[in-house]
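Asks: Following is a predicted model, sequence given first.
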Amino acid sequence: MPRRLLDRCHPDSIREFRVAARQRFDDALAMAGRGRRTGAIYLWGYTAEMTLKAVYFSLIGLAETAVITWKAHLQPAINKGKGMGMAWPAQGAGHNVRAWAELLVGVRALSATTAFVPPFGLEVQRHGQRIEELWRETLRYRKNHAYLYETKQVREAAEWLLVNSDVL
């Protein structure tokens, strides 16, 4: 008998985040093409989140296949961001795309060898902010139908992060 879907999932890791981000981006394109714009935004938000997390954990030296957990990795990253003065909301803390973008830019800025060349860091933050304006992980509970321009804005921001993930 084949193994169930959840039994076939691998633990969270940089590699899993990267592969899943690309898959969710394509899933969102398919949904948007069928007029399911809110569902597309939902998936693009996760695309951005996973992309930023993969880049951040890679930047701090985590191995591609190291298991990422709340206690050992996500909560310390959030605490680091808060310690750097970033506004990191308690609700949905692990999913805040704006905060993850700010953390990435902030941590890179701590070293001249990893700091973004201006204005690239501002672009990273701008795309994170754009997604935060229209996406939360709780969007799955809402019946609203996204406007076409909202769908376009989130797609473009998520796509920018995904396309530039190798240089983030």
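Replies: Structure received.

Asks: Phi first, then psi, for Pro119.
Replies: phi -100, psi 20 (degrees, to the nearest 10).

Asks: burial of it, as a residue count?
Replies: 10 (other Cβ atoms under 10 Å). To be clear about C-beta, it is placed using only N, CA and C from the backbone, and glycine gets the same treatment.

Asks: In terms of pLDDT, where does it sit?
Replies: Looking at Pro119, its pLDDT is 96.

Asks: Gly39 too?
Replies: Note for Gly39: predicted pLDDT of 97.

Asks: list the contacts for it?
Replies: By Cβ atoms under 8 Å, 6 or more residues apart in numbering, the contact set of Gly39 is 28, 31.

Asks: Next SSE downstream of the helix or strand hosting it?
Replies: Element membership for Gly39 (DSSP states H and E) is helix 37-59. Heading C-terminal from helix 37-59, the first helix or strand you meet, by DSSP H and E, is helix 75-83.

Asks: So which residue is dead centre in the protein?
Replies: Glu49 (1.1 Å; Cα atoms, centre = their mean).

Asks: Could you give the separation of stretch 96-103 from the chain centroid?
Replies: Taking Cα atoms, centre = their mean, to the nearest Å, one finds stretch 96-103 lying 8 Å from the centre of the chain it belongs to.

Asks: Check stretch 151-167 too.
Replies: Worked out by Cα atoms, centre = their mean, stretch 151-167 lies 10 Å from the chain centre.

Asks: Stretch 103-114 too?
Replies: In terms of Cα atoms, centre = their mean, the gap separating the centre of stretch 103-114 from the centre of its chain is 18 Å.
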